[in-house]
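Participant: here is the input, now give the coordinates:
(2 chains)
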Amino acid sequence: MSRHRTTANEDSTKVSSNGFEKRKEGFSIFTPAIKLMNNLKYPIKFALISVILDIPSLLLLVLLTTVRNEAIDFGQKERLGLEYNEPVKELLFHVAEHRQAALIYFEGGESEKNVAKKLLQELQSKIEIDITAIDNVDNRLGDILEGKEKWAEIRTLWKATKESLWKSSPEKSYADHSQVIDKIVLLLAHIGDISNLVLDPDIDSYYMMDGVIFRIPLLVEKISEARDLGQRVALGKELSSEQLAKLIFVLPGIVETTFEGIKLGVSKAYDFKNIYNGPKVKDIINHEYDASVGAIRAFLAQTKPIRTAALDSTFNPKQYVEAGNVALAAMRKLYAAEAKALDQLLIARVDAFTFQKRLMQVGVPLVWVLVIYLLVGFYRSVMKTVSSLDEISKKLVKGDTEERVVLEAKDELASVGESFNTIGQALVQRNKELEENKKKLEESLRLLEESYKKLEESNARIQEQQAQLIQSEKMASLGQMVAGIAHEVNTPLGFVRNNIEVLDKNQRRLLDVLERYRDLRDSLINGHLDELEAKLVGIIEASKKIDSASFSEKIQALIAESLDGIDRIQQLVLDLKNFSRLDEAAFKETDLNQGLESTLKIANNIVKYKAEVIKDFAPELTAECYPARINQVFLNIITNAAQAIEGQGKIWIKTYKENGMAVIKIRDNGKGIPQENLKKIFEPFFTTKDVGQGTGLGLFIVYKIIEQHKGTITVQSEVGKGTEFTIKLPIKQSNQISKPVSTLILN
Amino acid sequence: MSSESHILLVDDEPMVLSSLSRLLEDDYVVHTANGGLQALEVVKREPIKVVISDQRMPGMLGHEVLRHIKHISPNTIRMLLTGYSDLEAIISSVNAGEIFRYINKPWKADNICNLVKLGIQIYDRITQLQAKGHAKAESQKIPTRVHIEVEEKHGSVLFVDYDESEVKMLVEKFSKGFDVSGVSSIDEAFKELAKRPVSVIVSNINFGDVDGISFLNTIRQEYPQVVTVILTEVKDATLVIRSINELNVFKYLVKPTSDDIIEKTLSEAIEKNKLYTKAPDTNIRQTAETIAPEMMTKKIEESTLRLRLRAAQALLSKTNLRNES
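Facilitator: Below you'll find the model as predicted:
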């Protein structure tokens, strides 16, 4: 049994040295949890856990969904941007062509003018188509992408440019076109901004975006500007130094730098490991890119060797224009490719995010369902086991332990159930043993009862026998007493009777003489004198026996002695009465010396021929006691003393007072008591006499009487020397002692 | 009545002595002693014919006194007054042949008178016989060869006991030294006695239906020479006293006793028997019977027993007659 109070607070259990589990006392971090769990029912527990588990996952789900949704929206908006910019890009290219065409128209020869005019008209149609397309897209997406205003502006500008074309000057027309182109480039950038394209988070798509939103439009602007300058040259026109600088250094510089940026971006994009399982950028744009690289290089090569801000022989304007056209075309293709790549990347990203979102939206609830399912399963399993346990325990209580209850579960709780089963089995066994033991016990009990009955019977018999023995002892001591008296009485009875017979004889003689005298007298009176002599002789004869001096003495003596004898008998009777104290059965203050004297008289018969009694009595010695019983004690001891004497001996009786006790010492010089018997003499039924000679109860009764009087009796003895008994009795008794001796003994 | 007969009374109680004296002093010269020593002095001095002594006295007990007196004056008739049954003392004094009579206390005055009278008569008779020079009275010496006139087998012993196995054992034990036979019933005993003369009868007294002592007395009356020995487990003072008073039993042996004692007793008894046969007057009992038959206590039972005895005798004589013819 653990000595420590076991509470739900305890943590790990340790097995202590005495084998009992010692629980770690104190608070642990799990204590509140344990306490809480202890107090909840299973359904609540499970519900609690479920709820606690599910809330964060719900939040997570919501969060992730939101995030993903945002990302998806982001991506999708990017795509919208792309979608918007597509026709815008077309417009850019077409307007740039238109500008060149316008330039040719304005600056070129007749033949070139006609071609240019035709081209202008073609381009204007194309541009109208573009405008329509942009309008469409702007209608749809213009609000979202906030492009409406800017587009409206561009459209207005173009319209103005177009309409003022025929009337306008070449410079103005060029400036208007440039303004439109500028605005278009800005619009592309703006759309890129608003549609989040500029914030594209992934490397590959970012650089694609960078290409299509910024660099390529810029390149188109600058290449076309540069080309247009070259066109002028090709048309034979003179360029200003500023224009020359532009043509040779500035614009190519910008183009180179810008294209370098594209190249860098593309290489990064190529290297980037797309995590959305998107397409490989390289696969999509490689062809166009390589073409672009070539075209730009070729274009730049036109002016690269030129070191001064003047055109030299290495410069071929027609070639330059052609290179410029090729570069622009390449740019257009590259734009398309990059836009396509970008779009596909965006799609991939959005798809991925959408997938993730879908996955979460399905997965998490599934997990929830699974959790709940498992929890319910757990709960049910536990409940099942619990009910099995309940079943088992009910069986155990009933005592119905034969069956094993089958447990489906295999967990810890089930093992408890298994132990219940084991308990059940053990109980069956134990029960059997108990039954057996019970039977054995009943048998033993029965035997015990029998023995007890027998014991009771023998005890009753023994009690009876004891009572009989005590009775016989009483009789024996009574007999002792009576025999003593009887013997004493016999003697005076004898001689008193004898004396009376002698008196009788003598009184007959007297009467005879008297008769004879009368006869003689009558004879004398009557005068019959002849017989006188005979009669006288007869008288003399008859009176011989009685006519002596001693006769009257004799008669006196006989009478006196007879009376003495009678007195003696009377005295003996009195002594007997005194000894037995029959008229005084009560507890009273008694003269012990007198008691001893009475006893000696009674015992006289036994003592007188065997011992001389020497008395040394205190002048006065009394004690509160039962006089008859105390006399019985004295008689027993004195008789024993006489019997112990072989031949002739002495008995000393001494009495005195000491410390409130009356002391009586009775000593004899008889044969003594051996040491080994000294302890036993007061035991009941202990005797050294032959069977039938003594009951062995005399001294036992003596002891009991003294004990009753709250006194003491001790004995000293030496074999061959003699024995001394010392009796001490309290002179005063505090309470009256009232039980009769026989009940004392039997109890 | 001899006026000069001296008797001695011994008792420690002066009242008793004076009382008894007064009873007897009219007829006899009464000496008194209050103790053993004094008594012996008197016996040495005076010709005491009868001594009556009390048993319980300080100093020497009565039977011891009488034993001494027997040595001093063997013919003195010794009687013991007893109110106290000192059984061992009584038996030993019986066996020592010291007591003629036990007198119970309290005595009857006329009983004492008669006993004293008888005692004196016996004393006178014995002393007469002794004066005539017959064989010594109550000799205890080794038996000498004596010519017996009466036709008699040489010392036959009859064992009587109800216990057959006991009788067989006794017969076996002593058949070597003596001519023994054994019976286990009264009638058989009578038959045996009728058949042939028996010197000594060794008998138990526990016959249940019959008073053992009366039985033995019947035999004694018929066959006065038979010496009676009682061999019994019964140790009763009254019976012992009766066996003296009624039978003058020779010995009272208490079982268990040694074979030596029995053997010794048998030898002595046979001698006694021879003595009785030779000199019938030494048989005090017989003498007493002759002198004062009225003194001898008779019981009614004895007459019945006598009849049985007679019957046995008659039967035997008939058989003898038949055998003879």
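Participant: use CA for all of it now, contacts and neighbours both
Facilitator: Noted.
Participant: how about low-confidence regions in chain A?
Facilitator: Counting by pLDDT under 70, the ranges of chain A that qualify are A:1-26, A:399-405, A:474, A:582-585, A:691-695, A:735-747.
Participant: which other helices and strands contact the lowest-mean-pLDDT helix or strand in chain B?
Facilitator: When each helix and strand of chain B is scored by mean pLDDT, DSSP states H and E, helix B:284-291 comes last, with a mean of 72. Packing partners of helix B:284-291 (3 or more CA pairs under 8 Å, 6 or more residues apart in numbering or on different chains; DSSP states H and E): helix B:109-131.
Participant: quick one: strands adjacent to the next helix or strand after the helix it packs on?
Facilitator: Using DSSP states H and E, the next helix or strand after helix B:109-131 towards the C-terminus is strand B:156-160. Strand B:156-160 has the following strand partners under DSSP bridges: strand B:179-183 (parallel), strand B:200-203 (parallel).
Participant: give me the helices and strands touching the helix or strand following strand B:156-160, please.
Facilitator: Following strand B:156-160 in sequence order, the next helix or strand is helix B:164-174 (DSSP H and E). Secondary-structure packing of helix B:164-174 (3+ CA pairs under 8 Å, 6+ apart): strand B:156-160, strand B:179-183.
Participant: now with 10 Å?
Facilitator: In terms of contacts (3 or more CA pairs under 10 Å, 6 or more residues apart in numbering or on different chains; DSSP states H and E), helix B:164-174 is packed against strand B:156-160, strand B:179-183, helix B:259-278.
Participant: apart from its neighbours in sequence, what residue is nearest the spatially most central residue of chain B?
Facilitator: Chain B has residue B:248 as the residue nearest its centroid, 1.6 Å off, counting by CA atoms, centre = their mean. Sequence neighbours aside, residue B:285 is the residue nearest to residue B:248 in space, at 6.3 Å (criterion: CA to CA, 6 or more residues apart in numbering or on different chains).
Participant: so which bits of the stretch 101-250 of chain B are right by chain A?
Facilitator: Contact residues, the stretch 101-250 of chain B versus chain A (CA under 10 Å from any CA of the partner chain): B:105, B:106, B:107, B:108, B:109, B:110.
Participant: closest to chain A out of those residues?
Facilitator: Of all these, the one with the least separation from chain A (CA to the nearest CA) is residue B:106, at 4.5 Å.
Participant: distance of that closest one from residue A:714?
Facilitator: Going from residue B:106 to residue A:714 by CA to CA, to the nearest Å gives 41 Å.
Participant: so for the two, which residue has more residues nearby?
Facilitator: With neighbours defined as other CA atoms under 10 Å in any protein chain shown, residue B:106 and residue A:714 compare such that residue B:106 has more, 20 against 13.
Participant: give the contact list for residue B:201.
Facilitator: Shown in contact with residue B:201 (CA atoms under 10 Å, 6 or more residues apart in numbering or on different chains): B:156-160, B:180-182, B:189, B:193, B:216, B:219-220, B:226-231, B:266, B:269-270.
Participant: what about the residue nearest to residue A:718 when sequence neighbours are not counted, which SS state?
Facilitator: Nearest non-adjacent residue to residue A:718, counting by CA to CA, 6+ apart: residue A:672, 5.2 Å away. Classification of residue A:672 by DSSP: H, G, I helix; E, B strand; the rest coil places it in coil.
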